[in-house]
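Visitor: Okay, sequence plus prediction incoming.
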Amino acid sequence: MLLDIINRQCIHHDVELLIVNQDNDDELLSQVNPRIRIRRINRPHRSKNPYYIFQINLFLLFSKADIIHSHMDDFVKYYPLSFLKNNLYLTIHSVRLGYKGIHKYNHLFAISDEVCESIRKQTGLETTVVYNGIDIKQFNREKNSPTNHLFKIIQIGRLDHPCKGQHLTLKAIHLLVTKYQYTDFHVDIIGEGNSEKYLKELCNQLKMDAYVTFCGTKTKTYIQENLTHYDLLVQPSLYEGFGLTIIEAMNAMTPTLISNVDGMKTASCNGENSYTFQSGNVEDYATQLLKIIQKPATERIQLAEKAYPYVCQHFDISVTVDNYLKYYKNPPRA
């Protein structure tokens, strides 16, 4: 999403991208507009070498940027001279902060109403809501003609099961097979992360390997091109700030099944544009999956057709960019 934002911002403004860590996604970087100046710190993963902290401080201290905008709340802890700046902006993406340094930023954004309320309750700080967005024009919406009766399910997100709930998906499809005797489906799990070993071991223990493919990381272009070819996207998060994959699926005309956590209310229009199940309830998850699979395809298409204009109206990346620029020029009052 950051790539989409800065590629639009640079049309009318000078934009620099500061990359702190050494690990980068070359495919994403290749899509950065040539007008954007990329600066690299090249810090090795989890390095505590003060040299890299010095480089960060040197850059920020002498930066002539009108706005310094971070999307990682803990970035400021590496910048002890933050009090010398009054142009530090932060976008907060999660309902669970985990770091108490957000008060050091001059202006705070939240990606959803739910994140905004969570921050207010946890810290007493006020934020300005700017919804996440996607480049809606980049997504393929042409459906494949079905060549078999397999129901294709996809889950996208980092492999972090305490948050994203991939283990619930594995347990739910286990119930589909063992309790409901339904086997004509396949699940693709896209992403990588700390839970990968645990999830693969769980999949093996449940004997679900024949029904699940761990696809690893896929490029942004791959998601944009192929998301439409699935019958259902599942997002069983146990907590969530927004749920970007929900609106990506809706934009690709793919129905969604989500947990009923507060953080996905904005993206799903309070659940009106998604099928839902009780968060953390594997039995309900499996039951809803079976109901959706057994629905006529026309009924699932109707939900997708209802969700699509909602995404176009509220979550096009141009709306996100315009709102950020508006608040850059007229900062919200604390």
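Guide: Ah, there it is.

Visitor: what's Gln122 in contact with, if anything?
Guide: Leu97 (C-beta atoms under 8 Å, 6 or more residues apart in numbering). Bear in mind the C-beta positions are built from the backbone N, C-alpha and C, glycine included.

Visitor: how much space between it and Val95?
Guide: In this view, Gln122 and Val95 are 9 Å apart by C-beta to C-beta, to the nearest Å.

Visitor: just for the stretch 201-334 of the chain, where's the confidence low?
Guide: Applying pLDDT under 70 to the stretch 201-334 of the chain picks out residues 332-334.

Visitor: ranges for the strands of it?
Guide: 212-216, 232-235, 256-259, 275-277 (DSSP state E, counting those that start in this stretch).

Visitor: in the third one, what counts as buried?
Guide: For strand 256-259, the buried set under the neighbour-count rule, 16 or more other C-beta atoms under 10 Å, comprises Thr256, Leu257, Ile258, Ser259.

Visitor: how about the residue positioned nearest the centre of the chain, what does it touch?
Guide: The centre of the chain sits closest to Leu244, judged by C-alpha atoms, centre = their mean, with a distance of 4.0 Å. Under the criterion of C-beta under 8 Å, 6+ apart, the neighbours of Leu244 are Met1, Asn132, Ile134, Ala267.

Visitor: top of the residues you listed by neighbour count?
Guide: Highest neighbour count within the contacts of Leu244: Ala267, with 33 neighbours (other C-beta atoms under 10 Å).

Visitor: Domains in the chain, by residue range?
Guide: The record's domain parsing of the chain by automatic domain parsing lists 2-133+316-329, 137-313.

Visitor: of all these, which gets the most neighbours per residue?
Guide: Neighbour counts (mean count of other C-beta atoms under 10 Å) averaged over each of the domains of the chain peak at domain 137-313, with a mean of 18.

Visitor: now for that domain, what's the gap between its first and last residues?
Guide: Chord length of domain 137-313, first to last residue, is 13 Å (C-alpha to C-alpha, to the nearest Å).

Visitor: Repeat that for stretch 248-265.
Guide: Stretch 248-265 has its terminal residues 15 Å apart, counting by C-alpha to C-alpha.

Visitor: How far off centre is it?
Guide: Stretch 248-265 sits 11 Å away from the centroid of its parent chain (C-alpha atoms, centre = their mean, to the nearest Å).

Visitor: Next, the contact list for Ile68, please.
Guide: Contacts for Ile68 (C-beta under 8 Å, 6+ apart) come out as Leu60, Lys85, Asn87, Leu88, Tyr89.

Visitor: quick one, phi psi at it?
Guide: phi -110, psi 110 (degrees, to the nearest 10).

Visitor: cool, and Leu18?
Guide: Dihedral angles of Leu18 (phi, psi; degrees, to the nearest 10) stand at phi -100, psi 120.

Visitor: Would you agree it is in contact with Arg37?
Guide: No - using C-beta atoms under 8 Å, Leu18 is not in contact with Arg37, being 9.6 Å away.

Visitor: biggest helix in the protein by residues?
Guide: helix 297-314 (DSSP state H).

Visitor: by contact count, what packs against it?
Guide: Where contact means 3 or more C-beta pairs under 8 Å, 6 or more residues apart in numbering; DSSP states H and E, helix 297-314 is packed against helix 244-251.
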